[in-house]
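In: structural data only, the sequence is not supplied:
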């Protein structure tokens, strides 16, 4: 997926998710593992074959609204989370891979935070393709977080932020 297409999909997803977000005041305490920012998940319909889109939609419906914040997420995005001029409103996830297994599907989701910021604007995104999470989505509609993949050297570094 191109960077431009990723941003456009993120912006579209954000506009849907913003309808569910209450006003955030700056500065705000960093989020913790106990906080519950909304997880908005989707897929790129231009890339996913039409025959697979129903399956992807089922997976989206299973994952959307997940409120646990994995420790890896907080580690990787700690520079954003601890910034005095950014508040993480919710997490945007784009499904990038689905592999069938005997229990259901092993799903890879690229994740970025959606922010509000005194520097970058009311709607801003940390633009990185380096951080992804893995989920096991089971045939019975349940799922488990399986871990994340990211470059250790980039964890805790301020990513590029695009705002408008």
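Out: It's in. Not measured: the values here are computed from a predicted model.
In: now the strand of greatest length in the chain: average pLDDT?
Out: When the chain is parsed with DSSP state E, its longest strand is strand 86-101. Taken as a whole, strand 86-101 has an average pLDDT of 91.
In: which strands or helices does it pack on?
Out: helix 3-18, strand 38-42, helix 53-63, helix 78-81, strand 104-117, strand 132-138 (3 or more CB pairs under 8 Å, 6 or more residues apart in numbering; DSSP states H and E). In short, each C-beta sits where N, CA and C put it, glycine included.
In: next one: that strand to chain centre, how far?
Out: Centre-to-centre, strand 86-101 and its host chain are 4 Å apart (CA atoms, centre = their mean, to the nearest Å).
In: look through the chain and report the residue furthest from the middle.
Out: Distance from the centre of the chain peaks at residue 102, with 26.2 Å (CA atoms, centre = their mean).
In: dihedrals phi and psi, that one?
Out: Backbone torsions for residue 102, taken as degrees, to the nearest 10, come to phi -70, psi -20.
In: gap between it and residue 139?
Out: Applying CB to CB, to the nearest Å, the value for residue 102 to residue 139 is 9 Å.
In: same check on residue 106?
Out: To residue 139, residue 106 is 13 Å away according to CB to CB.
In: those two: who's more crowded?
Out: More crowded of residue 106 and residue 139, by other CB atoms under 10 Å: residue 106, with 15 against 10.
In: so what's that one closest to, chain neighbours aside?
Out: Spatial nearest neighbour of residue 106, chain neighbours left out: residue 99 (4.6 Å); criterion: CB to CB, 6 or more residues apart in numbering.
In: same deal with residue 136?
Out: Closest residue to residue 136 apart from its sequence neighbours, by CB to CB, 6+ apart: residue 144 at 4.9 Å.
In: helix or strand: which one has that neighbour?
Out: Using DSSP states H and E, residue 144 sits in strand 143-149.
In: just checking, what packs against that strand?
Out: Using 3+ CB pairs under 8 Å, 6+ apart: strand 143-149 touches helix 71-76, strand 132-138.
In: ok, then the element right after it?
Out: Later in the chain than strand 143-149, the nearest helix or strand by DSSP H and E is strand 160-163.
In: so for stretch 122-140, what gets flagged as buried?
Out: Buried residues in stretch 122-140, counted by 16 or more other CB atoms under 10 Å: 123, 124, 125, 126, 128, 131, 132, 133, 134, 135, 137.
In: and residue 45, what does it touch?
Out: The neighbours of residue 45, taking CB atoms under 8 Å, 6 or more residues apart in numbering as the test, are residue 53.
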